[in-house]
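In: Got a predicted model here, sequence first, then my questions.
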Amino acid sequence: MAEIAPRYKTDILTAAAKYGVDPALLAAQIGRESGFNPNAVSPAGAKGISQFMPGTAKGFGIDPMNPDQSINAQGLMMSRLLKSYGGNKALALAAYNAGAGAVAAAGGKVPQIAETQNYVKNILADIAQGKYPGLVAAGKTGQLPLPDGTPSTVPASAPVRPPQAPVALAKVPGPTPGGLTAGSFLTAALQTLGQQRNSSVQGVEQQSMLPLPGGAVSTVPVNAVAPPTGVVNPTTGVPPGNSSPASKGTPGYVSPFSQASGLRMERTDQGVDAVVTPGSKITAMTDGVVAGIIPNWYKGQPMVYTKVTSGPRKGQYIYYSEGITPNVKVGDTFKAGQPIATATNQPTGMEFGFAKADGSVLTPYGKSPDGTATPGGKAFAQFLNQLRTKGGPRG
């Protein structure tokens with residue numbers, strides 16, 4: 001059995017109650033991540049009690065060496081991962097450790113990475129063995145349900161830290177969805193940020209899909225709400241309530257290569273690949289707002305995903321990724337034709353496509369091999385053709 005310092009126990013119970021996560025899960029993670037050492041720094045640069053990489057901590061708006069903020073961010077992150085994996089703790093833990101990209105590459109299973117396998121096994125064992133007994137008070141009324149439907153171990157009377165002064169939020173235009181109550185995630189909580197972490201995992205793309213608050217995680221306003229995601233047609237990429245853009249044309253939309261030179265279109269897969277002269281400006285295809293930035297989306301290269309705010313694709317999400325340096329930040333608004341990134345000299349080139357509100361691609365490979373043209377990729381190639389850009393398979 002392990003004892004937890006009272007201040008950390010309070011932080012864990014607070015985060016667990018706020019986000020509906022089992023406090024024993026958070027405690028077991030911290031035990032394996034840092035041994036409850038708030039000053040821990042890994043060889044890879046992960047910092048603090050919950051071991052966040054600096055870029056991820058910046059996206060959360062937290063100081064990773066501040067245990068209050070780190071544990072709160074950890075609770076939010078695990079809540080999102082549990083929801084993404086239908087409450088499957090093993091997959092959520094694997095994504096926290098090795099990244100959502102590694103879980104996807106493993107076919108939706110725990111990756112065959114020794115560190116990740118041990119991480120998941122040890123944490124689940126710690127929970128099953130009741131290693132942190134102060135966090136497993138059973139069967140009290142008023143407990144919060146967990147994302148997997150099991151009862152939470154958070155007592156209704158769990159202590160909650162008083163909120164600090166509210167912080168500015170990244171505003172994403174769009175109607176407020178119904179049914180959300182006080183304590184909903186802040187607007188940008190559906191956005192994502194990649195985190196490369198864990199010192200001993202070598203040669204593996206470690207992309208943890210993390211919620212991206214617009215400020216310090218520990219000061220979530222009670223009236224903050226998440227943007228609506230809707231159901232996007234996976235063939236056309238059109239959100240509900242919009243008719244097919246093919247029948248409307250593309251008024252006000254601009255090729256992303258309108259200010260670029262040396263354009264060479266490449267293959268169509270999940271999106272459309274292209275190469276331009278390094279240093280060329282990549283322009284926004286539509287009016288929009290930057291919904292999220294994933295610094296390590298693919299092989300250390302970023303993704304910028306944006307929400308369209310005008311025209312026939314209003315409400316849809318478009319991503320710009322790989323061989324680019326973003327010139328924008330989350331929450332920035334822009335007009336069609338405005339430069340939002342600069343092309344870099346990367347062998348993978350760039351990739352553009354339709355995305356979902358959480359930054360994932362509209363139609364991923366699934367069980368198809370890498371490089372297969374998906375329905376979403378084909379739809380985006382058609383969209384680029386409408387912008388007078390020849391997008392399509394390598395020829």
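Out: Nice, thanks for sending it over. Residues are numbered from 1 along each chain as shown.
In: what about the closest residue to Ile282 other than its chain neighbours, which SS state?
Out: Once flanking residues are discounted, Ile282 sits nearest to Ala341: 4.2 Å by Cβ to Cβ, 6 or more residues apart in numbering. For glycine as for every other residue, the C-beta is placed from the backbone atoms N, C-alpha and C. Ala341 falls in the strand class when you classify it by DSSP: H, G, I helix; E, B strand; the rest coil.
In: Same check on Thr14?
Out: helix.
In: wait, isn't it in contact with Asn72?
Out: Yes: if you go by Cβ atoms under 8 Å, Thr14 and Asn72 touch, sitting 7.2 Å apart.
In: Neighbour count for these two, which is higher?
Out: Asn72 (27 against 21; other Cβ atoms under 10 Å).
In: which other helices and strands contact the helix or strand that contains the more buried one?
Out: Asn72 belongs to helix 67-84 when assigned by DSSP states H and E. Under the contact criterion of 3 or more Cβ pairs under 8 Å, 6 or more residues apart in numbering; DSSP states H and E, helix 67-84 touches helix 6-19, helix 23-33, helix 54-60, helix 89-98, strand 210-211.
In: For the second one, list every residue counted as buried.
Out: With burial defined by 16 or more other Cβ atoms under 10 Å, the residues of helix 23-33 counted as buried are Pro23, Ala24, Leu25, Leu26, Ala27, Ala28, Gln29, Ile30, Gly31, Arg32, Glu33.
In: Just the pLDDT at the nearest residue to the first one once chain neighbours are set aside, thanks.
Out: Read that as Pro23. When the adjacent residues along the chain are set aside, Pro23 lies closest to Ala16, with 3.8 Å between them (Cβ to Cβ, 6+ apart). At Ala16, the model reports a pLDDT of 93.
In: Hmm, Ala16 is touching Ala27, no?
Out: No: Ala16 lies out of contact with Ala27 (Cβ under 8 Å); the separation is 9.1 Å.
In: so what sits against both of these two?
Out: Listed as contacting both Ala16 and Ala27 by Cβ atoms under 8 Å, 6 or more residues apart in numbering are Leu135.
In: and Met265, which of the helices and strands packed on helix 67-84 is closest to it?
Out: Ranking these by their distance to Met265 (criterion: Cβ to Cβ) puts helix 54-60 first, at 31.0 Å.
In: tell me the average confidence for that closest one?
Out: On average, helix 54-60 scores 77.
In: Flag every buried residue along it.
Out: Those buried within helix 54-60 under the rule 16+ other Cβ under 10 Å are Gly55, Thr56, Ala57, Gly59, Phe60.
In: Output it as PDB, restricted to C-alpha atoms.
Out: C-alpha atoms of helix 54-60 as PDB (Å, rounded to 0.1, in the frame of the first residue of the first chain):
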ATOM      1  CA  PRO A  54       7.100  21.500 -22.600                       C
ATOM      2  CA  GLY A  55       5.100  22.000 -25.800                       C
ATOM      3  CA  THR A  56       2.200  20.100 -24.400                       C
ATOM      4  CA  ALA A  57       2.300  22.100 -21.100                       C
ATOM      5  CA  LYS A  58       2.400  25.300 -23.100                       C
ATOM      6  CA  GLY A  59      -0.700  24.200 -25.100                       C
ATOM      7  CA  PHE A  60      -2.500  23.500 -21.800                       C
END
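In: residues near the residue lying closest to Val276 once chain neighbours are set aside, how many?
Out: Distance criterion Cβ to Cβ, 6+ apart; nearest residue to Val276, sequence neighbours excluded, is Ala260 at 4.1 Å. Using other Cβ under 10 Å, the number of residues around Ala260 comes to 21.
In: Contact partners for Ala260?
Out: Contacts of Ala260 by Cβ under 8 Å, 6+ apart are Val276, Thr277, Ser280, Lys281, Ile282, Thr283, Ala343.
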